[in-house]
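[1] Next one to model:
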Amino acid sequence: MLGIKSEPDKFDAGSQQAFASGLAAHIAEAAPFRLVSDARDLVFRTRKGTLRLYVRVDWKHGLMEVGPRFSLLRAAKKIADLRVRAPALQLAFDDGLTWTEANGSLGIFKLLEGLPFGSSSQWQQIYAQLVDLFYNFKKHFERQLSA
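    Reported below is the predicted structural model:
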């Protein structure tokens, strides 16, 4: 969804690439996550390596989906536990989680709407909001996944 097609060091100010680069830098500085891929989605992983959060951006509509994705085959026991904990997880995210199954994986996403991507002066607010969301995912998902 990001549509990054140029070299990361050669992007225009205010572009999707600039947003992605700024987000990666901000997350790396403020949260215990690091960028591991920006090929299709932005993929961040904790230093423990137990929780990967995917970020998909719909630049045109000001939407962003953030959340973990789990393999239905490799993480069956963990997914069963997540399903049992679904009501508590929903409560922790203000009933804002979407659960989707597609292509052999379970995705659990929080949708952020009305983001001002067109105004780079407001990107810092988006970055701060994402750091808070990352910490919430870490708190509620990493503990269970590392067991």
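
[2] where in this structure is pLDDT low?
    Applying pLDDT under 70 to the chain flags residues 1-13, 49-50, 143-147.

[3] residue ranges of the strands in it, please?
    Secondary structure of the chain (DSSP state E): strands at 33-37, 42-46, 52-58, 63-71, 97-102, 105-112.

[4] Distance to Ala128 for the ones you listed - can I get that in a markdown table?
    In short, each C-beta sits where N, CA and C put it, glycine included. As requested, those are exported to a markdown table (distance: least, C-beta to C-beta, whole Å):
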| stretch | distance to Ala128 |
| --- | --- |
| strand 33-37 | 14 |
| strand 42-46 | 15 |
| strand 52-58 | 15 |
| strand 63-71 | 14 |
| strand 97-102 | 21 |
| strand 105-112 | 12 |
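
[5] what's near enough to touch Ser37?
    By C-beta atoms under 8 Å, 6 or more residues apart in numbering, the contact set of Ser37 is Val43.

[6] hey, what's it bridged with?
    Counting by DSSP bridges, Ser37 is bridged to Val43.

[7] Can you report how many residues lie near the closest residue to Phe109 other than its chain neighbours?
    Distance criterion C-beta to C-beta, 6 or more residues apart in numbering; nearest residue to Phe109, sequence neighbours excluded, is Gly67 at 3.7 Å. Residues lying near Gly67 (other C-beta atoms under 10 Å) number 22.

[8] Please verify my assumption that Gly67 contacts Ile108.
    Yes. At 4.8 Å, Gly67 and Ile108 qualify as touching, with contact defined as C-beta atoms under 8 Å.

[9] what touches both of these two?
    Joint contacts of Gly67 and Ile108 (C-beta under 8 Å, 6+ apart) are Leu97.

[10] residues touching Tyr127, list them.
    Contacts for Tyr127 were tallied using C-beta under 8 Å, 6+ apart; they are Gly22, Leu23, His26, Ile27, Ala30.

[11] Mind jotting down where the helices sit in this protein?
    For the chain, the helices defined by DSSP state H cover 16-30, 76-84, 86-92, 123-137, 143-146.

[12] Which among those is found nearest to His61?
    helix 16-30 (13.1 Å; C-beta to C-beta).
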